[in-house]
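> Dropping a prediction and its sequence here:
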There are 2 protein chains.
Amino acid sequence: MNPKALHAISYGLYVVAAHKGDKINGQIANTVFQITSKPPTLAVSINKENYTHEFIKEGRSLAVNVLDRDTGMVFIGRFGFKCGRDIDKFDGVKYHLSPLGNPILEENSTAFLEVRVDKEVDAGTHTIFIGEVVDADIQSDGEPLTYAHYHLVKKGKAPKAAPTYIEE
Amino acid sequence: MNPKALHAISYGLYVVAAHKGDKINGQIANTVFQITSKPPTLAVSINKENYTHEFIKEGRSLAVNVLDRDTGMVFIGRFGFKCGRDIDKFDGVKYHLSPLGNPILEENSTAFLEVRVDKEVDAGTHTIFIGEVVDADIQSDGEPLTYAHYHLVKKGKAPKAAPTYIEE
């Protein structure tokens, strides 16, 4: 088996955000996909060790913020390579809270989709959170950032906790 | 809610193929994603009414053929808008059978990933098939076709059974 073939699967790049009481957190994720159209239902795979996992488990909802292709690496690094246990990731970031209490980005984002989680699938190191889209909107006419663009053009890497991490 | 925000999610485009006894079939799918890296595990969402769904249920495995960006619309139409109940979709197509019995494309494909299905999640109109990657390889240095490219450049459409179908 050639693990490089896993790189042929295409993804976008997102900040998946959630809340737990008054606290908010978010993380970079690439494994977001729509599984049915009626009703519109998303699946999101999150590492069990990630802080955001705790928030989604408790808050029972999440917001998918679709990153714009022009998002800078410092912003991506803040949400992808730092931990919300150590820093407030949203400090200094433009966002507002949805009626459900989840952070919706107001910068670097082309669209958002908010999901009420009603199913969890245990996938070993990760949980797949599944639920109906309860709110969504386009925020700019920018092009969504793809995982391929992040790797090829921005020379970005996958952290060890990512579903798509490959040891080199 | 603005359903157009669902279009901001990025996907690739694949021929998901399976077998049932000696019969083979395949269909276009865009909802393929990796959910864990150890072991490498994929999730694939397939409409319950599709013929390939029957094959995966019975054969307990599937092959994800990653389409090349240069794949012609006739080829995509054959796998995406026709039904294997009416025609033999692989007639005249270059492929070989994997040791598990699934068709691996030898044209229009940049890579393949074969999955042994060990979990099924009921998602209403669709089933999410989950399983470990048991074989995979790169087949060409071509660029994988993305769903965005299919819609924007090739002017392709989503059939009604697709998870990402939006009524216009």
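Here it is on my side, so go on.
> Show me which strand runs longest in chain A.
Ordering each strand of chain A by length in residues (DSSP state E) puts strand A:109-123 first.
> Now that one: average pLDDT?
Mean pLDDT, strand A:109-123: 96.
> does it come close to chain B?
Yes. Judged by Cβ under 8 Å from any Cβ of the partner chain, strand A:109-123 and chain B are in contact via A:110, A:111, A:112, A:113, A:119, A:121, A:123. For the C-beta atoms, the positions are set from N, CA and C on the backbone; glycine is no exception.
> which one of those residues sits closest to residue A:160?
residue A:123 (16.7 Å; Cβ to Cβ).
> which residues are in contact with stretch A:47-54?
A:16-18, A:20, A:25-27, A:46, A:83-85, A:125-127, A:161-163 (Cβ atoms under 8 Å, 6 or more residues apart in numbering or on different chains).
> In TSV: the residues of strand A:109-123 next to chain B, plus distance to residue A:90 and neighbour count.
Formatted as TSV, the residues of strand A:109-123 next to chain B follow (distance: Cβ to Cβ, whole Å; neighbours: other Cβ atoms under 10 Å in any protein chain shown):
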residue	distance to residue A:90	neighbour count
A:110	19	23
A:111	19	24
A:112	14	27
A:113	18	28
A:119	27	14
A:121	28	18
A:123	28	19
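> right, and out of those, which lies closest to residue B:141?
Of all the residues of strand A:109-123 next to chain B, residue B:141 sits closest to residue A:110, with 29.9 Å by Cβ to Cβ.
> Given the longest strand of chain A, what are its sheet partners and their directions?
Strand pairing for strand A:109-123, determined by DSSP bridges: strand A:61-67 (antiparallel), strand A:126-138 (antiparallel).
> thought residue A:128 was touching residue A:41?
No. Between residue A:128 and residue A:41 there is no contact under Cβ atoms under 8 Å: 11.7 Å.
> residues contacting residue A:114?
Counting by Cβ under 8 Å, 6+ apart, residue A:114 touches A:61, A:62, A:63, A:64, A:98, A:100, A:102, A:104, A:133, A:134, A:135, A:136.
> Find the nearest non-adjacent residue to it, please.
Computed as Cβ to Cβ, 6 or more residues apart in numbering or on different chains, the closest residue to residue A:114 that is not its neighbour in sequence is residue A:135, at 4.3 Å.
> count of neighbours near the one you found?
Counted with other Cβ atoms under 10 Å in any protein chain shown, the neighbours of residue A:135 add up to 19.
> So which of the strands paired with strand A:109-123 has the densest surroundings on average?
With neighbours taken as mean count of other Cβ atoms under 10 Å in any protein chain shown, the strands paired with strand A:109-123 reach their highest mean count in strand A:61-67, at a mean of 26.
> C-terminal to that one, what's the next element?
Of the helices and strands lying after strand A:61-67 in sequence (DSSP states H and E), the nearest is helix A:73-80.
> buried residues in that following helix?
Across helix A:73-80, burial judged by 16 or more other Cβ atoms under 10 Å in any protein chain shown covers A:75, A:76, A:78, A:79, A:80.
> at contact distance from chain B, anything in it?
No. Figure legend: helix A:73-80 not in contact with chain B (Cβ under 8 Å from any Cβ); closest approach 15.3 Å.
> pLDDT of that helix, averaged?
Rounded mean pLDDT across helix A:73-80 is 93.
> For the closest residue to residue A:111 other than its chain neighbours, which residues are in contact?
Nearest residue to residue A:111, sequence neighbours excluded (Cβ to Cβ, 6+ apart): residue B:8, at 3.8 Å. Contacts for residue B:8 (Cβ under 8 Å, 6+ apart) come out as A:12, A:66, A:110, A:111, A:113, A:138, A:144.
> Identify the farthest-apart pair in the residues you listed.
The most widely separated members of the contacts of residue B:8, counting by Cβ to Cβ, are A:12 and A:138 (14.3 Å).
> Flag the shaky bits of chain A, pLDDT-wise.
Regions of chain A meeting the criterion pLDDT under 70 cover residues A:166-168.
> Residue A:64 is in contact with residue A:102, correct?
No. Counting by Cβ under 8 Å, residue A:102 stays clear of residue A:64, with 9.6 Å between them.
> what's the first-to-last distance across stretch A:57-72?
Using Cα to Cα, to the nearest Å, the end-to-end distance of stretch A:57-72 comes to 29 Å.
> Same question for stretch A:10-19.
End-to-end span of stretch A:10-19 (Cα to Cα): 28 Å.
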